[in-house]
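# I'll drop the sequence and a predicted model, then ask my questions.
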Amino acid sequence: MSWFQSDSQADRIVPPSGFTANLTTFAAAAMAFLAVFALALSFATGRLADRWSAELARSSTVRISAPEGQIAAQTQAALNVLNTTPGVASATVLGPEEQRALLAPWFGPDLPIDTLPLPQLIDVIEDGDGFDVDGLRLRLSAEAPGAVLDDHTRWRRPLIKAASRLRMLGFFSILLIGLTTAAMITLAANAALAANAQVIRVLRLVGAQDLYIARAFIRRFAQRAGVGALAGVVLAMIGVALLPEASTAGGFLTGLGFQGFEWIWPLFIPILAAGVAYWATRYAALRTLRGLT
Amino acid sequence: MIELQNVAYSYGGGELLSDMTLTLAAGSFYFLTGPSGAGKSTFLKLCYMELIASAGSVSVFGQDVRDLDRDGVALNRRRIGVVHQDCQFLEHLPIAENISLPLSAAGRAGDAQNLDELMAWVGLRDKAHRLPAELSGGERQRAALARALIMSPDVVLADEPTGNVDWEMSQRLLTLLIELNRMGKTIVIATHDLNLIRMAKNQVNARVLRIADRRLQLAGAGL
Ligand SMILES: Nc1ncnc2c1ncn2[C@@H]1O[C@H](COP(=O)(O)OP(=O)(O)OP(=O)(O)O)[C@@H](O)[C@H]1O
Ligand SMILES: [Mg+2]
């Protein structure tokens, strides 16, 4: 008695019920539609969090502002401190050309850098574990009073955290959507079972076991949920595809959508919906049938 | 096949059936008679496990009914063909599919070779695609009999299978049951129709049970 054996009669032992069938399909479609957007949100915020943390590149900057004569000495002192700090992979003094390149966007390429009292910059790259920011600050202030550690993470961390939270909320929404779908299908299945008490009675009298009876309901609901979800996913994917292009400025909202292989993921939603319907109906049916004697 | 030991049954009020002991041996042929309301249908329901005895024990194919779970009951029912007095069908399926329903339920949907022959025998071949509601009372009874026989069960319990059909059709249905009995099946027919009983007695060794005053009696040869 294989579950996949095609016995078309076994599928038809439950009378068709147009209205509730359409409701189930519609609800599955709506839920799948929402799930696609939650998924898009998760991916977009995930991308954002990844990009921001990658951009930090585990790098920070030490800026040395000191009277003209002390810059070289303090730079050397700061370098000594940095090179003996655990967690610092490298510390590189930026040359005039590099500093000019950094400032060019703001002041133009012809900046007479030598005549300006610009601070000296040291580019610090962390290794895997990172360094103790507060400890480094203390040591720097002792050895090179003009050195200021500029830690990008200070203001970026909360953003990354927010983005990660948003991604989690997205996944949590998908979970909720799944559970809601399960609850809805359970209710619909219970209604269908109650409406078909007479059918169940006849089936029992001819020697049908619970699983055979349940299967007719299960197949039907799984099919409706799958078909409905597919429609919802297709509509939502069209909706997402029609969102404005993500601009290079990387605004968050314009980045909402799927990229590359991410487009595959929504296609799992109908399968998931059918699976959820399968288990919800199976649970509801076997439970109800156990109660009917 | 089916064994009752001091069985009693009550629907909640007083006892309807009391202290019934009977063994339905393989290959036996019984008629069950008694006044309307005496409990014939109730007796048959005890035999096919739709009702559980309030006292005493019923065992079917060697298994005590009280020890069977729902799936066990279902498996045993596949070996018992039942014609209900109020023939119950799946009203949304054509009559042919209703008749082959037990096969589908048993996962043997492919074994429907007998379907045509059986439908022809009960005279429903050209009504195969009708819905149950589109059949007459007698046609429904014949369909119910066909459904009871489709699994070639070891035991056939028929509750007034000829209640609504003419004498000629009654004879035809009885002949079918007698044929099955000759093949070794156990047959129990609840009926008021004395002519049917007489006719059967000419052909097989049929015994007549009578329910009266809550008891089961083996009726004398006087019929
Ligand atoms: N579900 C039920 N609940 C309560 N009482 C019932 C139920 N079913 C039957 N009865 C009662 O039990 C008695 C016997 O019913 P049963 O159907 O067994 O009689 P019967 O011998 O088959 O009668 P008939 O010849 O009219 O078919 C009747 O008085 C009936 O009212
Ligand atoms: Mg009766």
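Okay, I see it. Numbers count the residues shown, from 1 in each chain, chains lettered A, B, ... in the order given. Ligands and ions are numbered 1, 2, ... in the order given.

# Geometric centre of chain B: which residue is closest?
Nearest to the mean C-alpha position of chain B, by Cα atoms, centre = their mean, lies residue B:157 at 1.9 Å.

# Who are the contact partners of it?
With contact set as Cβ atoms under 8 Å, 6 or more residues apart in numbering or on different chains, residue B:157 has these partners: B:44, B:47, B:48, B:80, B:81, B:82, B:83, B:148, B:188. (Glycine included, C-beta is placed from N, CA and C.)

# There's contact between the second one and residue B:61 in this structure, I believe.
It stands for residue B:47. No - contact criterion Cβ atoms under 8 Å: residue B:47 and residue B:61 do not qualify, at 11.4 Å.

# Quick check: neighbours shared by those two?
Common neighbours of residue B:47 and residue B:61 are listed as residue B:2 (criterion: Cβ under 8 Å, 6+ apart).

# Between the two, tell me which one has more neighbours.
residue B:47 (25 against 13; other Cβ atoms under 10 Å in any protein chain shown).

# Quick check: phi and psi on the nearest residue to that one once chain neighbours are set aside?
Leaving aside its chain neighbours, residue B:47 sits nearest to residue B:2 (5.2 Å; criterion: Cβ to Cβ, 6 or more residues apart in numbering or on different chains). Dihedral pair for residue B:2: phi -120, psi 130, per degrees, to the nearest 10.

# Around ligand 1, pick out the residues from chain B.
Taking Cβ under 6 Å from any ligand atom, the part of chain B that reaches ligand 1 is made up of B:11, B:16, B:34, B:36, B:37, B:38, B:39, B:40, B:41, B:42, B:85.

# Pretty sure residue B:122 sits against residue B:147.
No - in this structure, residue B:122 is not within contact of residue B:147 by Cβ under 8 Å, at 9.8 Å.

# And these two? Which one has more around it.
In this view residue B:122 and residue B:147 are compared by other Cβ under 10 Å, and residue B:147 has more residues nearby, 28 against 23.

# Could you look up the SS state of that one?
Under DSSP: H, G, I helix; E, B strand; the rest coil, the three-state class of residue B:147 is helix.

# give me every residue that touches it.
Residue B:147 neighbours (Cβ under 8 Å, 6+ apart): A:206, B:81, B:98, B:99, B:101, B:102.

# same thing but 10 Å
A:202, A:205-206, B:81-84, B:87-89, B:95, B:98-103, B:118, B:122 (Cβ atoms under 10 Å, 6 or more residues apart in numbering or on different chains).

# Residue A:218 now?
Residues in contact with residue A:218 (Cβ under 10 Å, 6+ apart) are A:3, A:189, A:211, A:277-286.

# so which of those residues also contact chain B?
Intersecting the contacts of residue A:218 with the contacts of chain B gives residue A:211 (criterion: Cβ under 10 Å from any Cβ of the partner chain).

# buried residues in the helix or strand bottoming out on mean pLDDT in chain B?
Using mean pLDDT, DSSP states H and E, the weakest-scoring helix or strand in chain B turns out to be strand B:215-218, at a mean of 84. Buried residues in strand B:215-218, counted by 16 or more other Cβ atoms under 10 Å in any protein chain shown: residue B:216.

# Can you give the contact residues for it?
For strand B:215-218, the surrounding residues in contact (Cβ under 10 Å, 6+ apart) are B:4, B:7, B:17-22, B:30, B:32-34, B:38-39, B:43, B:207-211.

# gap between residue B:211 and residue B:3?
In this view, residue B:211 and residue B:3 are 18 Å apart by Cβ to Cβ, to the nearest Å.

# Those two: which has the busier surroundings?
Taking neighbours as other Cβ under 10 Å, residue B:211 and residue B:3 compare with residue B:211 leading, 22 against 18.

# Please report the distance of the residue lying closest to residue B:182 once chain neighbours are set aside from residue A:84.
Nearest residue to residue B:182, sequence neighbours excluded (Cβ to Cβ, 6+ apart): residue B:204, at 7.5 Å. Here the criterion is Cβ to Cβ. By it, residue B:204 lies 110 Å from residue A:84.

# Which residue of these two possesses the greater neighbour count?
Under the neighbour definition other Cβ under 10 Å, residue B:204 and residue A:84 were set side by side, and residue B:204 has more, 16 against 9.

# hang on, that one packs against residue B:189?
No - assessed by Cβ atoms under 10 Å, residue B:204 is found out of contact with residue B:189, at 11.3 Å.

# Determine the residues that are contacts of both of those two.
Common neighbours of residue B:204 and residue B:189 (Cβ under 10 Å, 6+ apart) are B:29, B:174, B:177.

# tally of neighbours for the nearest residue to the first one once chain neighbours are set aside?
In other words, residue B:29. Among residues not flanking residue B:29 along the chain, residue B:206 sits closest, at 4.4 Å (Cβ to Cβ, 6+ apart). Burial measure for residue B:206: 21 neighbouring residues, criterion other Cβ under 10 Å.

# Show me the helices in chain B, by range?
Listed in chain order, the helices of chain B (DSSP state H) span B:40-47, B:70-77, B:95-99, B:101-105, B:114-121, B:137-149, B:167-182, B:194-203.

# Measure how far the fourth one is from the centre of its chain, please.
When you say that, I think you mean helix B:101-105. From the chain centre to the centre of helix B:101-105 is a distance of 17 Å (Cα atoms, centre = their mean, to the nearest Å).

# Then the longest one?
Distance, stretch centre to chain centre, for helix B:167-182: 13 Å (Cα atoms, centre = their mean).

# Quick one: mean pLDDT for the helix or strand residue A:50 falls within?
Per DSSP states H and E: residue A:50 is located in helix A:18-56. Averaged across helix A:18-56, the pLDDT comes to 85.

# ok, now stretch A:231-238?
Stretch A:231-238 comes out with an average pLDDT of 94.

# got it, and stretch A:196-210?
Averaged over stretch A:196-210, pLDDT sits at 91.

# what about residue A:196, how many neighbours?
When neighbours are counted by other Cβ under 10 Å, residue A:196 registers 20.

# If you could redo that for residue B:201, that was the one I meant.
Neighbours of residue B:201 using other Cβ under 10 Å come to 16.

# mind showing which ranges of the stretch 1-150 of chain A have poor pLDDT?
Low-confidence segments of the stretch 1-150 of chain A (pLDDT under 70): A:1-9, A:18, A:54-58, A:105-106, A:111, A:113-114, A:128.
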